[in-house]
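>>> Here is a sequence together with a model predicted from it:
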Amino acid sequence: MNTFRFIPLLVAGALALSAVPASAATTLDGTVGPGFTMTLTKGGKNVTSLKAGSYTFRVVDKSAAHNYVLTGPGIKDKEITGLAPVATKSVTVTLKKGTYMYYCTPHKSSMMGSFTVS
Ligand SMILES: [Cu+2]
């Protein structure tokens, strides 16, 4: 076997792999308020199931009466947007297999949703 022909192939292969970052996060869109509603969508569709991996939650909080909290495997009641300010925030997290829930703390019984990760 000709070693000098093989080496350029290895280099080309390494470059091709490094061109695709393993940590590329998928963006999910969340909204909360101004009424007693909250959503989580991906490409305009309600999120009910996802593949495990890295996701950026981009949350638009339209009310000072609500917050947007995410909880599930590896994530314990993470507040993405808080109660006081009306704000838009992006948080990148790693989702593992299991069931996640998003909710508003003061209105958890009515303002919540869930999705599964496989
Ligand atoms: Cu609320």
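Yes, it's here. Residues are numbered from 1 along each chain as shown.

>>> And the strands in this protein?
26-32, 38-42, 45-46, 49-50, 53-61, 68-72, 75-81, 87-95, 98-103, 112-117 (DSSP state E).

>>> highest average neighbour count across those?
Neighbour counts averaged per stretch over these are highest for strand 68-72, at a mean of 22; criterion: mean count of other Cβ atoms under 10 Å. (Each C-beta comes from the backbone N, C-alpha and C, glycine too.)

>>> Can you list the neighbours in contact with that strand?
30, 32, 38, 57, 59, 61, 77-81, 93, 95-96, 98-105, 117 (Cβ atoms under 8 Å, 6 or more residues apart in numbering).

>>> what subset of these is also close to the ion?
The subset of the contacts of strand 68-72 within reach of the ion, by Cβ under 5 Å from the ion, is C104.

>>> Next, the contact list for the nearest residue to T39 once chain neighbours are set aside, please.
Leaving aside its sequence neighbours, T39 sits nearest to T31 (Cβ to Cβ, 6 or more residues apart in numbering; 4.8 Å). T31 makes contact with T37, M38, T39, V59, V60, D61, K62, according to Cβ under 8 Å, 6+ apart.

>>> and the spatially most central residue of the chain, what does it touch?
Centre of the chain computed as the mean C-alpha position; nearest residue by Cα atoms, centre = their mean is Y55, 3.1 Å away. Applying Cβ under 8 Å, 6+ apart to Y55 gives the contacts A25, T26, T27, L28, T92, V93, T94, L95.
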